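> I would like to see how this sequence folds:
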Amino acid sequence: MTLPSSEYERIRFASWPTLGAAFNGRRSSARRNRLLLLGTVLVLVSIHLLSTGVRQDDLSSKPQQFLLEVMRPFASALAHMVRTAEQVYRSYIALVHVNEENQRLRARLERLEFLETRLKELEADNERLSQLLEVRRALDVKAVAANVIGGDATGLSRTVIIDRGGSSGLKPGMAVLCEQGVVGKTIAVSRNAARVLLLEDHNCATDVIDQRSRIHGILEGAVGEGLVLKYVQRSEDVKPGDRLVTSGLDGVFPRGLLVGFVSDVRPQSSGMFLDIRVTPAVNFRQLEQVLVMTEQVPASLDHN
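Modelled structure (predicted):
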């Protein structure tokens, strides 16, 4: 059967667009493949040129030089980044080690400072105890060393508390001394502690002698501060700077112990006695160790 010419023409021209589209698709795919292949070849050639040595005058060195020049900034930046990262890492590790070492050294320093402070305190304690032992040997009497552990909390009297008591042979009325001189006497005793009435308390009275003029008087604590020497007549020879020592007549303190220095002498406004102010030999605010005499004063010392 033969198709009419009009129908044949219609079919023939209708098939042209489909064939054209297929042909164009195959051409685009081929073009992409050629570009990919060309790029791969160029990369391989570049790698080959960079990785193989060539002669200085060889024409193949030109592409290599060009590539080296193009890649130089990137290589330099990358190398700088690597070096910077390495330095930062090393610095961080070094800082961590330095910090740990500083902590160890700081702890060691604090420990050494603590030990040094403790050692100085022990040396000071040993020095004071040595001086107290010298006092005991000089007096040739039985005595017990004690630490001052407290004071009078009420403020009504001037007393201190020591860490020795009846278990160490202490009793009320015993003399208490230190390396500087007379401190006071015990007034209350428990098994492991005792209260000491200080010489500066107005209830504490001691018979003393002016070491220069040999004048006797009664030393008492002043109502304000310091000490006063009572019952010394106007005509007696007492001067500022005179040393006052125990007379031994009270049966509590041995004879010849330093109690203080005359600081001021003036006649009383009315009466027959002198008004005499005395500075104590002992700094009662800095007492740390004392010596308590645990036996009575020998009779031979009472009347010398």
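> going by C-alpha atoms from here, please, whenever you check contacts or count neighbours.
Noted.
> show me where the protein has helices.
When secondary structure is read from DSSP state H, the chain shows helices at 5-14, 16-51, 61-139, 299-302.
> please report how far the residue nearest to the spatial centre of the chain lies from residue 117.
Of all residues in the chain, the one closest to the mean position by C-alpha atoms, centre = their mean is residue 110, 6.2 Å from it. Residue 110 is 10 Å from residue 117, where distance means C-alpha to C-alpha, to the nearest Å.
> residues touching stretch 215-223, excluding its own?
Around stretch 215-223, the neighbours that count as contacts under C-alpha atoms under 8 Å, 6 or more residues apart in numbering are 199-210, 227-232, 236-238, 247.
> which of those count as buried?
Buried residues within those, defined by neighbour count using 16 or more other C-alpha atoms under 10 Å: 199-202, 204-210, 227-230, 232, 238, 247.
> okay, buried residues for stretch 189-202 please.
So, applying 16+ other C-alpha under 10 Å, buried residues of stretch 189-202: 189, 193, 194, 195, 196, 197, 198, 199, 200, 201, 202.
> any stretches of the stretch 51-200 of the chain with poor pLDDT?
Applying pLDDT under 70 to the stretch 51-200 of the chain flags residues 51-72, 74-75, 121, 126, 128-129, 131, 138, 153-155.
> the same query, at a cut-off of 80, please.
By pLDDT under 80, the low-scoring segments of the stretch 51-200 of the chain are 51-83, 85-98, 114-141, 152-156.
> which two of the buried residues of stretch 189-202 have the greatest separation?
Every pair in the buried residues of stretch 189-202 was compared (C-alpha to C-alpha); the two farthest apart turn out to be 193 and 202, at 23.0 Å.
> what residues go with each domain of the chain?
Listed by automatic domain parsing, the domain ranges of the chain are 62-139, 143-302.
> hey, which of these is tucked in deepest?
Using mean count of other C-alpha atoms under 10 Å, the stretch among those with the largest mean neighbour count is domain 143-302, at a mean of 19.
> in the stretch 201-304 of the chain, which spans are strands?
Taking DSSP state E, counting those that start in this stretch, the strands of the stretch 201-304 of the chain run over residues 205-210, 216-221, 227-230, 243-246, 258-267, 274-280, 289-293.
> quick one: strands adjacent to the second one?
Translated: strand 216-221. Partner strands and pairing direction for strand 216-221 (DSSP bridges) are strand 205-210 (antiparallel), strand 227-230 (antiparallel).
> tell me the angle it makes with strand 274-280.
Angle of strand 216-221 versus strand 274-280, following axes from the mean of the first three to the mean of the last three C-alpha atoms, to 10 degrees, is 60 degrees.
> go on, the fifth one?
Between strand 258-267 and strand 274-280, the angle formed by their directions is 150 degrees, by the same axes, to 10 degrees.
> contact partners of stretch 200-214?
By C-alpha under 8 Å, 6+ apart, the surrounding residues in contact with stretch 200-214 are 157-159, 184, 197-199, 215-223, 225-227, 237-238, 242-250, 280.
> and for stretch 282-301?
So stretch 282-301 is contacted by 128-129, 132, 136, 141-149, 169-171, 174-178, 180-183, 198, 248, 251-255, 259-260 (C-alpha under 8 Å, 6+ apart).
> how about stretch 233-244?
Contacts of stretch 233-244 from elsewhere in the structure, counted by C-alpha under 8 Å, 6+ apart, are 208-213, 215, 258-265, 267, 272-274.
> check the gap between residue 189 and residue 236 for me.
Between residue 189 and residue 236 the distance is 40 Å, computed by C-alpha to C-alpha.
> picking that back up, turn the buried residues of stretch 189-202 into TSV, including distance to residue 123.
Converted to TSV, these look like this (distance: C-alpha to C-alpha, whole Å):
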residue	distance to residue 123
189	30
193	25
194	26
195	27
196	26
197	28
198	26
199	28
200	29
201	31
202	35
